[in-house]
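J.: Predicted structure and sequence below. I'll ask about it afterward.
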Amino acid sequence: MNSTVDYYNQNAEKFYQTTVDADMSDVQDRFLQYLPQGALILDAGCGSGRDSLAFLKKGFRVEAFDAAGNMVEKASQLTALNVRLQRFEDVSEQEKFDGIWACASLLHLPMPDLVTALRKLLAALKKDGYIYLSFKQGNGERQKDGRHFTDLDEDALQELIRGHKGLVFQDIWITKDARKDQEDLWLNAILHKEK
């Protein structure tokens with residue numbers, strides 16, 4: 001994970017420029033339809049802050065964190081939020097958030113850490129809340145440009161979720177990459193934490 005954080009610290013400006021204007025509105029709206037107006041959303045691994053800003057503009061309350069200090073700085077400037085420098089394993093809230101948005105962030109964790117991070121996020125999610133996750137479509141763990149990726153297909157995601165009681169799939173679908181000049185397919189899922 002440290003090499004992944006190092007990558008984003010060293011490439012923060014480039015990553016910011018290639019992601020901040022990517023149009024994620026369709027995916028955001030698909031998630032937001034389940035949340036009450038003014039709901040509190042945690043943007044977990046917020047990167048550029050693009051999605052936090054979109055949620056704020058639509059009247060939602062947002063808290064955000066990222067593990068890379070240079071990305072925290074960029075996201076804070078963009079959103080005017082006090083974005084926290086934090087890792088998934090440091091999430092300690094209990095049933096605080098109406099929704100959790102983990103867009104292209106959990107995929108950087110090795111599978112054992114991914115299981116732990118998901119458990120922590122679910123503890124922070126209110127009952128009857130919703131969590132959005134996205135992974136590059138595939139199956140297995142790999143390194144690319146000094147970053148770790150855990151790619152999941154629908155079966156692998158179902159297996160990951162199976163161990164978390166009271167969590168059910170609300171929606172699952174595939175999208176093309178929203179960034180210019182990128183060909184990746186993404187596995188998107190919205191999960192509901194039952195009452």
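T.: Structure received.
J.: all contacts plus neighbour counts: C-alpha atoms, from now on.
T.: OK.
J.: which element follows the longest helix anywhere in the chain toward the C-terminus?
T.: The longest helix of the chain (DSSP state H) is helix 111-124. Downstream of helix 111-124, the next assigned helix or strand under DSSP states H and E is strand 125-136.
J.: hmm, back to that, pLDDT (mean, whole number) over the longest helix of the chain?
T.: Averaging pLDDT along helix 111-124 gives 96.
J.: can you list contacts of that helix?
T.: Where contact means CA atoms under 8 Å, 6 or more residues apart in numbering, the residues beyond helix 111-124 that reach it are 88-89, 91-97, 100, 106-107, 141, 150, 160, 164, 193.
J.: Let me see the ranges of the strands in this protein.
T.: For the chain, strands defined by DSSP state E occupy the ranges 40-44, 61-66, 84-85, 97-102, 125-136, 140-144, 147-151, 167-176, 185-193.
J.: Rebuild those strands as TSV, extending it with mean neighbour count and distance to Ser25.
T.: Converted to TSV, the strands of the chain look like this (neighbours: other CA atoms under 10 Å; distance: least, CA to CA, whole Å):
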stretch	mean neighbour count	distance to Ser25
strand 40-44	24	15
strand 61-66	23	16
strand 84-85	18	24
strand 97-102	25	13
strand 125-136	22	14
strand 140-144	12	27
strand 147-151	20	23
strand 167-176	15	12
strand 185-193	21	14
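J.: between these, which gets nearest to Asp6?
T.: strand 147-151 (8.7 Å; CA to CA).
J.: Report the contact partners of the nearest residue to Lys127 once chain neighbours are set aside.
T.: Distance criterion CA to CA, 6 or more residues apart in numbering; nearest residue to Lys127, sequence neighbours excluded, is Lys195 at 4.9 Å. Lys195 sits next to 127-128, 166 when contact means CA under 8 Å, 6+ apart.
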